[in-house]
Every structure is written in structure tokens, then in C-alpha cells.
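A.B. asks: Fold the following and give me the result.
(chains A and B)
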Amino acid sequence: KAGVTQTPRYLIKTRGQQVTLSCSPISGHRSVSWYQQTPGQGLQFLFEYFSETQRNKGNFPGRFSGRQFSNSRSEMNVSTLELGDSALYLCASSLDRPTYEQYFGPGTRLTVT
Amino acid sequence: DQQVKQNSPSLSVQEGRISILNCDYTNSMFDYFLWYKKYPAEGPTFLISISSIKDKNEDGRFTVFLNKSAKHLSLHIVPSQPGDSAVYFCAASASGANNLFFGTGTRLTVIP
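C.D. replies: Model (predicted):
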């Protein structure tokens, strides 16, 4: 069974631009969660989608948004990029509730210059 | 507000010895705890979990201990192997919630 895939793996953007990251969950998984990982902050929860609906949202500004498609693939978008948005963005999928075992993708490394 | 804390950013252990990684939490509603291991350039991978109805869970060389009164859990790896060198994250969740709260991670280095 294929794992969670994320594209692109690396991205360099300029302040003020916007970016879209993509995540394809494991086949059959309907829950997709997004996390931001920065040094010293661990994994910070962004949001979680289930059956195309956002079920939960972390404490991030409105510049961070996401969506999920009918095939469970998910995208997250960051508008008006700031230097502090430089981070590893991780996507994780699970069958139903993500509070149990989640399977993570390799992440997208975003650098904002 | 960090609800899950890993106060040791790094730990070095000799091969064959025991590695003990610690994690503290503040939210008394948390009832399920997990450990993840992360290698560079890879996403975290699930290692072991424990429910709050237990105080110990074992899987091969890995054992997780939960002390609910102290709001503390620990991961024991014995014997430690060089391939265990990675960053370890603990995570916690509450019943009915739809997200995990992660700690900041502990980088374990096992010295051959």
C-alpha cells in the first residue's frame, strides 16, 4: 500500500507570495491533518479534514487555509508569505479520527526569502 | 501554550544501554499518548502508544510508562542501537478530539 505523498518536497518563495502544498493520503484514509514543524516548536497542528469538511483548526492566522477533495487528497494554502512561515509542513492521514495512529508524509520544506 | 513538553532537547547513550526519553503534559483531559520517531528528510513514524487506562505498554525493545498523577510519560529503549538515533516526539490526545498535541522532540544519539 502506498504511503502518504506530499508535493512538492522543496519550495522557495518570496515574502508576500502565496503557496499551495498538496497531500495524497493512504488509500482508504479519510482524515488528513496538517502540521507545521519549526526548530524548537515541535509539530504545531494546523487543521484536520475529514470527508471534505474541516473538523478542527489550530491556532494559526487566516493566511493558512486548506481544503480536501472527494478523493481525500488535500491541499493547504498560505497567502502573503512571511519569513516566519519557513518550516517543514507535514501531512498525516488516518482512517477516521487522527488521534490514534497517523501516517505521515515526508513533508514539504518551505523556505521564504 | 505548550500542553506537551519534552524538556530534554537531546540525549546521548552508549550502544547496548538503556535510553529513557521523558515527556510531561498539562491537560488532564488527555487520555491517549503516542511516541513517534523521525529521521531526517522523513516524516514521523508511529512507534508505540498507551491509553490512560494502562500504566505500561511494551513492544519489543520499546516500553512506554504512564504516570497519570504526575502527568508524565517516558519511553524506554533497551538495548539501544545506533539505528535508534533519531528525533523522538511524544504526542497526546483527548477523547473525541480531532488532533494530536506534540512535544518539541528529543534528539537521541546512540553511540556505537
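
A.B. asks: Closest residue of chain A to chain B?
C.D. replies: residue A:104 (3.1 Å; Cβ to the nearest Cβ). For every residue, glycine as well, the C-beta is placed using N, CA and C.

A.B. asks: measure that residue to residue B:15 for me?
C.D. replies: 27 Å (Cβ to Cβ, to the nearest Å).

A.B. asks: Pick out whichever of the two has more residues nearby.
C.D. replies: More neighbours surround residue A:104 than the other of residue A:104 and residue B:15, with 22 against 14 (other Cβ atoms under 10 Å in any protein chain shown).

A.B. asks: Make sure the more buried one is actually in contact with residue A:89.
C.D. replies: No. Under the criterion of Cβ atoms under 8 Å, residue A:104 is not in contact with residue A:89, lying 11.1 Å apart.

A.B. asks: Where does chain B get nearest to chain A, residue-wise?
C.D. replies: residue B:43 (3.1 Å).

A.B. asks: For residue B:5, which non-adjacent residue is spatially closest?
C.D. replies: In this structure, residue B:5 finds its nearest non-sequential neighbour in residue B:24, 4.8 Å apart by Cβ to Cβ, 6 or more residues apart in numbering or on different chains.

A.B. asks: The one you found contacts residue B:8, correct?
C.D. replies: No. With contacts counted by Cβ under 8 Å, residue B:24 stays clear of residue B:8, the gap being 10.8 Å.

A.B. asks: Return the set of buried residues in stretch A:36-54.
C.D. replies: Using 16 or more other Cβ atoms under 10 Å in any protein chain shown as the test for burial, stretch A:36-54 gives A:36-37, A:42-50.
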